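Undergrad: structure, please.
(one chain, ligands or ions: 1)
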Amino acid sequence: MPLTGEYEPSAVDFARDQVELFERTGGAEGNLNHAGKPVIVLTMLGAKSGKLRKTPLMRVEHDGEYALVASLGGAPKNPVWYYNLTANPHVELQDGPVKKDYRAREVHGEEYDVWYERSVAAWPDYAEYQKKTTRKMPVFVLTPL
Ligand SMILES: C[C@H](OP(=O)(O)OC[C@@H](O)[C@@H](O)[C@@H](O)Cn1c2nc(=O)[nH]c(=O)c-2cc2ccc(O)cc21)C(=O)N[C@@H](CCC(=O)N[C@@H](CCC(=O)O)C(=O)O)C(=O)O
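TA: Down below sits the predicted model:
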């Protein structure tokens, strides 16, 4: 059941523009980050506004599940979207032309280690970000609904 609501674009220009390009081209453009690594678009409900929010994130996929790393480049605080997923775990993820519904859950312990390793394999800079902060970067795993 797709998410419904009023879309509120991100305040971050490059993220908003990338989402727009990605969606306009069905994931054919705007699907890579600055280093040419694959990106997905996450759609979620705002924890406070209840509006539809969208953000590009790195593509980390394994057997139909996806990981999302709340890295924010190694900043001391979590990205805002972290709180959206905590409040509203029903999300949509678009990978290329395919958009599906998922349930997001934050992972810990051994499961965290397995998915964090997969995430670093997909985007090695995550390991550099983690060195920049004492905040343990949260990882969500998305399971198809
Ligand atoms: C600036 C803020 O963005 P954010 O949610 O903190 O997310 C920051 C970044 O993570 C976001 O820009 C990502 O797209 C950056 N980013 C990645 N960020 C990551 O953390 N991990 C990634 O793997 C990642 C990859 C990536 C690839 C390409 C690209 O272009 C960007 C990438 C934002 O959009 N704020 C909105 C509010 C958004 C929101 O969801 N508000 C909630 C309230 C939430 C609350 O306050 O509790 C609501 O509507 O209710 C605003 O100020 O209008």
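Undergrad: ok, which residues in the protein are in contact with the ligand?
TA: Counting by C-beta under 6 Å from any ligand atom, the positions of the chain adjacent to the ligand are 10-12, 14-15, 18, 33, 39, 46-49, 51, 53, 55-58, 69-72, 79-81, 83-84. Just so you know, the C-beta spots here come from the backbone N, C-alpha and C atoms, and that holds for glycine as well.
Undergrad: buried ones among those?
TA: Neighbour counting over the residues of the chain next to the ligand (16 or more other C-beta atoms under 10 Å) leaves 10, 15, 18, 33, 39, 46-47, 53, 55-58, 69-72, 79-81, 84 as the buried ones.
Undergrad: okay, and which of the residues of the chain next to the ligand map to helices?
TA: 14-15, 18, 80-81, 83-84 (DSSP state H).
Undergrad: in TSV, list the residues you listed along with pLDDT.
TA: Shown next, in TSV, are these (pLDDT from 0 to 100):
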residue	pLDDT
F14	93
A15	94
Q18	97
V80	96
W81	97
Y83	98
N84	98
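Undergrad: looking at this, E23 is in a helix?
TA: Yes: according to DSSP: H, G, I helix; E, B strand; the rest coil, E23 belongs to a helix.
Undergrad: use 105 as the first number from now on
TA: Understood, numbering begins at 105; the last thing we discussed is E127.
Undergrad: could you pull up the residues touching E215?
TA: Contact analysis of E215 by C-beta atoms under 8 Å, 6 or more residues apart in numbering lists V245.
Undergrad: doesn't it lie inside a strand?
TA: No: under three-state DSSP, E215 sits outside any strand and is assigned helix.
Undergrad: next one: it, what pLDDT does it get?
TA: You'll see E215 listed with a pLDDT of 98.
Undergrad: ok, now Y206?
TA: For Y206, pLDDT reads 98.
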